[in-house]
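Could you look at this predicted model? Sequence included:
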Amino acid sequence: MSFKQLLPALGLLLVQQLAHAQGSEAYGSGLKLNLNPEGSKYIRFIVWNQIWARSINNNPGTQVNGESRNNTWDVGARRLRILTYAQITPRYLVLAHFGINNQTFATGGASGAAGTGAYGAGKKPGIFFHDVWNEYALVPSVNPTTKKANKYNVYIGGGLHYWWGISRMSSASTLNFLAIDAPVINWPLVELSDQFVRQFGFYAKGKLGKLNYSMSINKPFATNINPTVDAIKDRVAVDNNGDARAAVQGYFDYQFLDQESNLLPFRVGTYVGTKKVFNIGAGFYHQAKGTRSVNNNGSIAQHDINLFGIDAYADLPIGDKKKNMALTAYSVFYKYNFGPNYIRTVGIMNPASGFDPAVAASQRSINGFGNNRFFVGTGNIWYTQAGLLLPKTSQTSKVRIQPFAAYTYKKFDYLDQTGNYFDIGANFFLDGHHAKITPQYSTRPLYYLRNGQRLRDGSLGEFMLQLQVYL
């Protein structure tokens, strides 16, 4: 998705290019309101939803709504969102993004929702703002006077923002993933010291030729988990930042081939055969005294959060141009340090309510109940995904198929064995990313406490089917 040769004043052309980048010629100008005849003043709206149907093999001992269940099926909302942004001149931009996430039949409802009735468990989740920021162009991508592209550009902004560090996928667009979703390891602070991957702060972004960059300084949200002594590891850091120190982060990637847009932070997962991209990048996140731990002597220690990532992304056409085949691949290595033995588990849209008290603790996985997995921790993570856009069946057909696979390797200090995670699936594009169906099967290793060690023993999986429409 490239805006290099487009004038921000030509809002209609901008939207048409964006639509093409999503793999659909029919999208046109999308939901856009021109405020003058030239389209140089406009408001753009993007509306999307991602509905998931799933069959989950629950972790041993799981209860769902008070009933012991080895397997659970459900239909729920992974994301229901609206994003709007406006430009009155090429110098100024304002953006707002709101919606809900992760509503299942039993979880994800409004604050305090429980039991049975109008505000029963899982019902009426609260809409909230994901992003709200203002932006000013110090050096715009196109000179407003000469209408010529600037080789270098600089923008600054502030608010609750998504100009994130660490990796490309840390600022991933949720509209155009290659797999059914992000692996979530790319958002290591999610819903702790951030608000659904956003923090309040100030950012700078721009391009130096083919080098794309974004940097920010933020005030993390307060965390106050009380540390406890671990019987095996002694000190285990937890999120407790007191009067939170500033978080500094940045991401830099060199774009060798087609240049990608940096109008918005949302990085594309797959271009569905519409671009030729190869980038390498690196990023970081640092917050002083972001976690705390305690040892057997009762001594409290504070620890810095230092997170690093290095990655490569390719989306390349292959074979006969008329067939429009393409290979998409992404690989990232993360080195995370949250303090000694830090660990966190997460279950995406987890419908489980807890463990069956009749099941002995020794028979329960230390992953937790439902579809919980060991998510992030102090240690190393390597994630790789690849997909192949199959050739067109005819020049007039919009339907495209893109099988994909992904692998995640996790080595955490808290655990005594590494973990291997696998995903396999396919995108069935009905009209590019604007209308697609994605089935995926994913596995997660199970861990148990045995003889003083946290060891891997077996794995379980879940099947997911996503229906996505965005306009």
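Yep, it's here. Numbers count the residues shown, from 1 in each chain.

Give the helix, strand or coil label for the residue lying farthest from the centre of the chain.
Of all residues in the chain, residue 297 has its C-alpha farthest from the mean position, at 39.4 Å, by Cα atoms, centre = their mean. Going by DSSP: H, G, I helix; E, B strand; the rest coil, the secondary structure assigned to residue 297 is coil.

where does it fall, phi/psi-wise?
As for residue 297, its main-chain torsions (degrees, to the nearest 10) stand at phi -90, psi 0.

Look up how far residue 231 lies from it.
Separation of residue 297 from residue 231 (Cβ to Cβ, to the nearest Å): 15 Å. C-beta: built from backbone N, CA, C; applies to glycine.

element containing the residue nearest to residue 370 when sequence neighbours are not counted?
If the residues on either side of it in the chain are set aside, residue 370 comes closest to residue 352, at 2.9 Å by Cβ to Cβ, 6 or more residues apart in numbering. Under the criterion of DSSP states H and E, residue 352 resides outside all helices and strands.

and residue 352, what pLDDT?
What the model reports for residue 352 is a pLDDT of 97.

if I look at it, how far off is residue 170?
Counting by Cβ to Cβ, the gap from residue 352 to residue 170 is 28 Å.

What's the local residue count around residue 284?
Residue neighbour count, defined by other Cβ atoms under 10 Å, stands at 18 for residue 284.

okay, residue 352 and residue 170: which has more neighbours?
Shown here are residue 352 and residue 170; by other Cβ under 10 Å, residue 170 has more neighbours (28 against 24).

and the nearest residue to residue 128 once chain neighbours are set aside, what are its bridge partners?
By the measure of Cβ to Cβ, 6+ apart, the closest residue to residue 128 outside its immediate chain neighbours is residue 98, 6.5 Å from it. Taking DSSP bridges as the rule, residue 98 bridges to residue 82, residue 129.

So residue 98 is in contact with residue 130, correct?
Yes: judged on Cβ atoms under 8 Å, residue 98 makes contact with residue 130 at a distance of 6.2 Å.

Mutual contacts of the two, please.
Any residue near both residue 98 and residue 130 by Cβ atoms under 8 Å, 6 or more residues apart in numbering counts here, and that gives residue 81.

If you count surrounding residues, which of those two has more?
Of the pair residue 98 and residue 130, residue 130 is the one with more neighbours under other Cβ under 10 Å, namely 23 against 14.

okay, the more buried one: pLDDT?
At residue 130 the predicted local distance difference test score is 98.

same deal with residue 24?
At residue 24, the pLDDT value in this model is 68.

So which bits of the helix or strand encompassing residue 134 are buried?
Applying DSSP H and E as the criterion places residue 134 in strand 128-139. Neighbour-count burial for strand 128-139 flags 130, 131, 132, 133, 135, 137 (criterion: 16 or more other Cβ atoms under 10 Å).

And the first one, how far from residue 468?
Meaning residue 130. 17 Å.

what do you get for residue 292?
According to Cβ to Cβ, residue 292 and residue 468 sit 40 Å apart.

can you check residue 155 too?
Applying Cβ to Cβ, one obtains 30 Å for the distance of residue 155 from residue 468.

So for the two, which sits in the more crowded spot?
Relative neighbour count places residue 468 above the other of residue 155 and residue 468, with 25 against 22, counting by other Cβ under 10 Å.

Just say helix, strand or coil for residue 362.
Using three-state DSSP, the structure places residue 362 in helix.

in which helix or strand would I find residue 213?
In this assignment (DSSP H and E), residue 213 forms part of strand 211-219.

Could you give the number of residues near residue 300?
The criterion is other Cβ under 10 Å. On that basis, residue 300 has 11 neighbouring residues.

Without its sequence neighbours, what residue ends up closest to residue 304?
residue 288 (5.1 Å).

The one you found - how many residues pack around it?
Residues contacting residue 288 under the criterion other Cβ under 10 Å number 15.

cool, and residue 226?
Summarising burial for residue 226: neighbours were counted as other Cβ under 10 Å, giving 8.

ok, now which ones touch it?
In this structure, residue 226 makes contact with 238, 240, judged by Cβ under 8 Å, 6+ apart.

can you confirm residue 290 is in a strand?
Yes: read with three-state DSSP, residue 290 is one of the residues of a strand.

Helix or strand for the spatially closest residue to it that is not a sequence neighbour, just tell me which one.
Counting by Cβ to Cβ, 6+ apart, the nearest residue to residue 290 once its immediate chain neighbours are dropped is residue 305, at 3.8 Å. Following DSSP H and E, the helix or strand that holds residue 305 is strand 300-318.

and the direction of the helix or strand following that strand versus that of strand 300-318, what angle?
Helices and strands here follow DSSP H and E; after strand 300-318, the next one along the chain is strand 325-337. Per axes from the mean of the first three to the mean of the last three Cα atoms, to 10 degrees, the angle that strand 325-337 makes with strand 300-318 is 170 degrees.

With just CA atoms, put strand 325-337 into CSV.
Output of strand 325-337 as CSV, limited to C-alpha atoms (Å, rounded to 0.1, in the frame of the first residue of the first chain):
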residue,chain,number,x,y,z
MET,A,325,0.5,-15.7,-7.5
ALA,A,326,2.4,-14.3,-4.6
LEU,A,327,4.5,-15.5,-1.6
THR,A,328,4.1,-13.7,1.7
ALA,A,329,6.5,-14.4,4.6
TYR,A,330,7.4,-12.8,7.9
SER,A,331,9.8,-13.8,10.6
VAL,A,332,10.6,-12.1,13.9
PHE,A,333,12.9,-12.8,16.9
TYR,A,334,12.1,-11.2,20.2
LYS,A,335,14.3,-10.9,23.3
TYR,A,336,12.1,-10.0,26.2
ASN,A,337,13.3,-9.0,29.7
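
Report the buried residues of stretch 368-382.
Residues 368-379, 381 are the ones in stretch 368-382 that count as buried (16+ other Cβ under 10 Å).

Oops, could you answer that again for stretch 232-239 instead?
Of the residues in stretch 232-239, those buried under the neighbour-count criterion (16+ other Cβ under 10 Å) are 235, 236, 237, 238, 239.

quick one, what contacts the second one?
Spelled out, that is residue 236. Contact analysis of residue 236 by Cβ under 8 Å, 6+ apart lists 227, 228, 229, 230, 293, 340, 341, 342, 343, 414.
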